[in-house]
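Chemist: give me the fold of what follows.
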Amino acid sequence: MQKDFDKWNNLKKIIHNNEKNIFFHEREIWVCSIGLNVGYEQDGKNDEFIRPVIILSKFNNNIFCGVPLTSKEKNFPFYFSFKFKDGISTAIVSQLKTFDKRRLVRKLGMIAEPDFIKLKNRIKEIVNL
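Modeler: Predicted coordinates:
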């Protein structure tokens, strides 16, 4: 499958120039324009290249550490599944990265605090620094 990097690059320019006044917090789940990425890095979906992301850590009012989600339940060490709304969401722990708030599209809700703690512990186990 050929990726349309030019389409993503055009949208990325629009996102970059859009100064949004967005307030976000840890534990929130947002739809986020994560883009079209290289190789096995997680891509966003549809024309906006979006995917839900959990905000793990807020570095300042503009950037945060987040982890993308998938609706596919996976039972492997680099994934963490949890209940969200009426279904199961799975954090793709291996795709942890820094995001700018301009990528945020809309808030979907929050991960339950006990699940958030478990997710952070899973990340600590994997990173093991």
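Chemist: where in the protein is pLDDT low?
Modeler: For the chain, applying pLDDT under 70 flags the ranges 1, 36, 38-41, 129.
Chemist: contacting residues around the residue nearest the centre of the chain?
Modeler: Residue closest to the average C-alpha location in the chain (C-alpha atoms, centre = their mean): V53, at 2.5 Å. Neighbouring residues of V53 by C-beta atoms under 8 Å, 6 or more residues apart in numbering: 29-32, 34, 66-69, 99. All C-beta atoms are positioned from the backbone trio N, CA, C, and that covers glycine.
Chemist: ok, these vs N60, which is closest?
Modeler: Within the contacts of V53, proximity to N60 (C-beta to C-beta) peaks at F99, which comes in at 12.3 Å.
Chemist: so K118 belongs to a helix, correct?
Modeler: Yes. K118: assigned to a helix according to DSSP: H, G, I helix; E, B strand; the rest coil.
Chemist: thanks again, I'm all set now.
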